[in-house]
Each structure stands twice: as structure tokens, then as C-alpha cells.
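Peer 1: Please find the sequence and the predicted model below.
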Amino acid sequence: MESTLDIFVKAIFTENMIFAYFLGMCSYLAVSKTVKTGVGLGLAVVFVLGVTVPMNYLLENYVLKEGALSWLNEDYGVNGSNTIDLSFLSFIMFIAVVASIVQLVEMLVEKFAPALYGALGIFLPLIAVNCSILGGALFMQDRQYSTILDATSFALGSGVGWFIAIVSLAAIREKIRYSNVPPALRGLGITFIVTGLMGIAFMSFMGVEYGKKEEAKSNTESGGAVETSQIINVKQVN
């Protein structure tokens, strides 16, 4: 069983939304021209993921899943006489939650950071259709996290991973402006190459073994307990 910290770290590096699943590439490539706009959009994505995934987790486990409404009436449970399954509404409800939170973020950015709001332009409301946001909710649904803490850890890790990816690319693109890039590769051409190299770099984290020490330790302790009990049983028989 993965710990909450393992889920968080894996979501940042080995399961990065950009480099592992290529989700949110449109905003990632379009808004990463400057570090300022990259930081603004990255923080917005972290906030939206950190809020929408836990909300969708509660929605999934207490409203949409088969038998999830058992808290209202036992008859609505899995073994009840009137079992209710609203899982067919998952996409609609997840998108509704995401759209609501994105609208809130847009209002806050426009109110407190009008310059950033103007720099982000159309890409701020487009967070509502950002693949990484809906992807976070669908991954949460598919992986069936046991607690809301694990789901929140995954959401924040995914957001931080997306933030690191876009800020890193924005910093590199700012430096590339002063480099002698061949004319045919200027713009998106060199950006695609840099993105591919960054993806290869993040693949190096796939060699990290998460939670193996704890698992080995628990197996050793359980094995020792079994051996001890076997010795005790042998002595009792003798």
C-alpha cells in the first residue's frame, strides 16, 4: 500500500501530467513564453487541481458510486433493495465542479492581479477544459484512493509537477532568445525539442523505488513473527 508521501512524490516526477501523460500541452506550450505568466498559470493549476480532485472524490464516493447513497438510506446501499448507481453522471459532474472552481479562480485573478489576468488572456478560462484538470479527477476515480488525504496528495503532487514543468520550460525559453537557434527551429520547433529532452530527464525518476524499504521491513517483521510462533508451537508439542 502506497503512503501519502509516495503518492505525492510520484505525482510530481514519475507520473507527471506533462511528461508522462502529455495532458495540458496546449496551455503548457502557449503560456510558457515568460516565467511570470508560467508561474501565474502554474499556481492556478495547482489551486484548481488541489480543490477539484478532493471535491470530486467526495462526489464520487458519497453520491455517484453504486451504493454511495447508503448514508441517506440503507436501501440505497450495494446490498439494499433500491440500489442507486449514478456513475454514468461522472463526466458531467466532474466538469461542472471544474468549471465552477475555474470561474472562481478567474474572478480572483482579475480582482487581485489584473496585469497577470491580461497576460494569461484566454488561457485562464481555458483551464476549465485543460486535460490535466479533468485527467486528475479521472485518475482519482480509476485508482480508487482509500482516503481523501491520498486523493488530495495526488492532486497537489500533480499540480506541483505541472507547475515545475511549465516554469522550467518558460525559464529555458527566455534564455533561448539569446541563443543562436537555427531559423527553421525557432519558436515551437526548439520548444518541442526542449520538452522532449525534459521528458527524458524526468524519466530518470522512474528508477526510484517508493515505499520498498517499509514493505521489506514489514515483511521481515512478519516473517520473524511467524518463525517465533512456529518455534513456540514446536516447544509446546515437545
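Peer 2: Alright, I've got the coordinates.
Peer 1: any idea which helix or strand carries the closest residue to Met17 other than its chain neighbours?
Peer 2: Nearest residue to Met17, sequence neighbours excluded (C-beta to C-beta, 6 or more residues apart in numbering): Ser132, at 4.2 Å. Using the backbone N, CA and C atoms, a C-beta is placed for each residue, glycine as well. Using DSSP states H and E, Ser132 sits in helix 131-143.
Peer 1: Outside of that helix itself, list whatever touches it.
Peer 2: 17-18, 21, 23-26, 45, 48-49, 52-53, 56-57, 60, 90, 94-95, 97-98, 102, 127, 151, 154-155, 158, 162 (C-beta atoms under 8 Å, 6 or more residues apart in numbering).
Peer 1: Give me the helices and strands touching whichever strand or helix holds Ile166, please.
Peer 2: Assigned by DSSP H and E, Ile166 falls within helix 148-176. Here helix 148-176 touches helix 4-12, helix 25-30, helix 35-59, helix 131-143, helix 188-203, going by 3 or more C-beta pairs under 8 Å, 6 or more residues apart in numbering; DSSP states H and E.
Peer 1: okay, now the residue nearest to Met17: neighbour count?
Peer 2: Neighbourhood size, Ser132 [other C-beta atoms under 10 Å]: 26.
Peer 1: what's the pLDDT at it?
Peer 2: pLDDT for Ser132: 90.
Peer 1: From Tyr76, how far out is it?
Peer 2: Distance, Ser132 to Tyr76, using C-beta to C-beta, to the nearest Å: 34 Å.
Peer 1: for Ala30, same thing?
Peer 2: Counting by C-beta to C-beta, the gap from Ala30 to Tyr76 is 45 Å.
Peer 1: ditto for Arg173
Peer 2: For Arg173 relative to Tyr76 (C-beta to C-beta), the value is 53 Å.
Peer 1: pLDDT weak spots in this structure?
Peer 2: Residue ranges of the chain with pLDDT under 70: 1, 210-238.
Peer 1: domain assignment for it?
Peer 2: Following automatic domain parsing, one finds the domains of the chain at 4-207, 212-238.
Peer 1: most neighbours per residue, which of these?
Peer 2: Of all these, domain 4-207 carries the top mean neighbour count, a mean of 18, counting by mean count of other C-beta atoms under 10 Å.
Peer 1: Need the distance between the two termini of that one.
Peer 2: 19 Å (C-alpha to C-alpha, to the nearest Å).
Peer 1: Now Thr34: closest residue in space, sequence neighbours ignored.
Peer 2: Excluding its sequence neighbours, the residue lying closest to Thr34 (C-beta to C-beta, 6+ apart) is Ala170, at 6.0 Å.
Peer 1: The one you found and Gly40: what is the separation?
Peer 2: Ala170 sits 10 Å away from Gly40 when distances are taken as C-beta to C-beta.
Peer 1: Skip the chain neighbours and tell me the closest residue to the most centrally placed residue in the chain.
Peer 2: Central residue of the chain (C-alpha atoms, centre = their mean): Ser158, 3.0 Å from the mean position. In this structure, Ser158 finds its nearest non-sequential neighbour in Ala11, 4.6 Å apart by C-beta to C-beta, 6+ apart.
Peer 1: which residues touch that neighbour?
Peer 2: Counting by C-beta under 8 Å, 6+ apart, Ala11 touches Ser153, Phe154, Ala155, Leu156, Gly157, Ser158, Val160, Gly161.
Peer 1: hmm, try it at 6 Å
Peer 2: By C-beta atoms under 6 Å, 6 or more residues apart in numbering, Ala11 lies in contact with Phe154, Gly157, Ser158, Gly161.
Peer 1: With Ile84 instead?
Peer 2: Ile84 is in contact with Leu69, Tyr76, counting by C-beta under 6 Å, 6+ apart.
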